[in-house]
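Peer 1: sequence plus the predicted model coming up.
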Amino acid sequence: MKIQKLDGILKANEYPGRGIVAGLSADGKYAVSAYWTMGRSAGSRNRVFVTETENGTEVVRTKAFDESLIAGDPSLIIYAAVRQLGAKTIVTNGDQTDTIFEGLKKGETFEQSLRVRKYEHDAPNFTPRISSLLNVEGGKYDYAISILKSDNGNGDNCLRFTYTYDNPQKGEGHFIHTYMGNGNPLPSFEGEPEKVEIKGTIDEFSDMIWSSLNEENKVSLFVRFIDIATGKYEERIINKNRK
């Protein structure tokens, strides 16, 4: 698979929806994770990323910017997007973050924990659930990406794909997103995660993603760089909604 420039992919698609990137920094020192939200409706745009602490560990959540604008099923837009379990970092586009977290605690694999979940219950879109798991331990790093999607819009069938990357390459990552583009209904992502270039510092990488997302539809961005040698991390959060 040919490596692509992430900014080029994003600028060419006004609505890729929620997106996840996992990879390795160009200098090989950092495990890189990114996740963003987008929205077309007032409810979907009414979100921010916030950090909280649970049992001494940071959790990144989506929260309503204006509580009075919450409509529909809040579980589809309000959830823990990022959780940490020891050396593992879970990043997803929905409340399956908690499902993976609990599954791993019980000794299940990333893939096994997601067997009880399927795409989101938002017919006719059946938005895919996309998830990533970054494992940084003992100076080594690997990651996996999952997508649960409908069978070309058939809500009676859930297609499950898990991609594992045992030996990440410097300056390379993989990108998966919920939609191929705008539409009614929204067309689900197709194919395997796209190989993308990862370069620059955490601020340069964050700025590149944020500036490349469609100005009208982008909502929030989370980026984390994890030092593979120490397990310590640095992160950035950008919210379009600000008080």
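Peer 2: Alright, I've got the coordinates. Residues are numbered from 1 along each chain as shown.
Peer 1: just the CA trace of the least confident helix or strand in the chain by mean pLDDT, in CSV.
Peer 2: One helix or strand of the chain scores below all others by mean pLDDT, DSSP states H and E: helix 42-45, with a mean of 86. Provided in CSV are the C-alpha atoms of helix 42-45 (Å, rounded to 0.1, in the frame of the first residue of the first chain):
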residue,chain,number,x,y,z
ALA,A,42,-26.4,20.9,15.9
GLY,A,43,-26.4,18.0,18.4
SER,A,44,-23.3,16.4,16.8
ARG,A,45,-21.5,19.7,16.8
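Peer 1: which positions in that helix come out as buried?
Peer 2: Judged by neighbour count (16 or more other CB atoms under 10 Å), helix 42-45 contains these buried residues: 43-45. C-beta: built from backbone N, CA, C; applies to glycine.
Peer 1: repeat that for stretch 6-20.
Peer 2: For stretch 6-20, a neighbour-count test (16+ other CB under 10 Å) marks 6, 9-10, 13, 15-20 as buried.
Peer 1: could I get it in CSV with only the CA atoms?
Peer 2: Taking Å, rounded to 0.1, in the frame of the first residue of the first chain, the C-alpha atoms of stretch 6-20 are listed here in CSV:
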residue,chain,number,x,y,z
LEU,A,6,-2.9,12.7,5.8
ASP,A,7,-3.6,16.4,5.1
GLY,A,8,-4.3,15.6,1.5
ILE,A,9,-6.8,12.9,2.3
LEU,A,10,-8.6,15.2,4.8
LYS,A,11,-8.7,18.2,2.6
ALA,A,12,-10.2,16.2,-0.2
ASN,A,13,-13.1,14.9,1.9
GLU,A,14,-15.5,17.4,3.5
TYR,A,15,-17.0,14.7,5.8
PRO,A,16,-14.8,11.7,6.7
GLY,A,17,-16.7,11.7,10.0
ARG,A,18,-14.9,10.6,13.1
GLY,A,19,-11.3,9.5,12.4
ILE,A,20,-8.5,7.5,14.2
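Peer 1: average pLDDT across that stretch?
Peer 2: Confidence for stretch 6-20, expressed as mean pLDDT, is 98.
Peer 1: count of neighbours near the residue lying closest to Lys88 once chain neighbours are set aside?
Peer 2: What sits nearest to Lys88 in space, not counting adjacent residues and going by CB to CB, 6 or more residues apart in numbering, is Asn135, at 5.3 Å. The local packing of Asn135 (other CB atoms under 10 Å) involves 17 other residues.
Peer 1: ok, Lys140 next?
Peer 2: The tally of other residues near Lys140 (other CB under 10 Å) stands at 12.
Peer 1: go on, Asn217?
Peer 2: 18.
Peer 1: how about it, phi and psi?
Peer 2: Phi and psi for Asn217, reported as degrees, to the nearest 10, are phi -100, psi -20.
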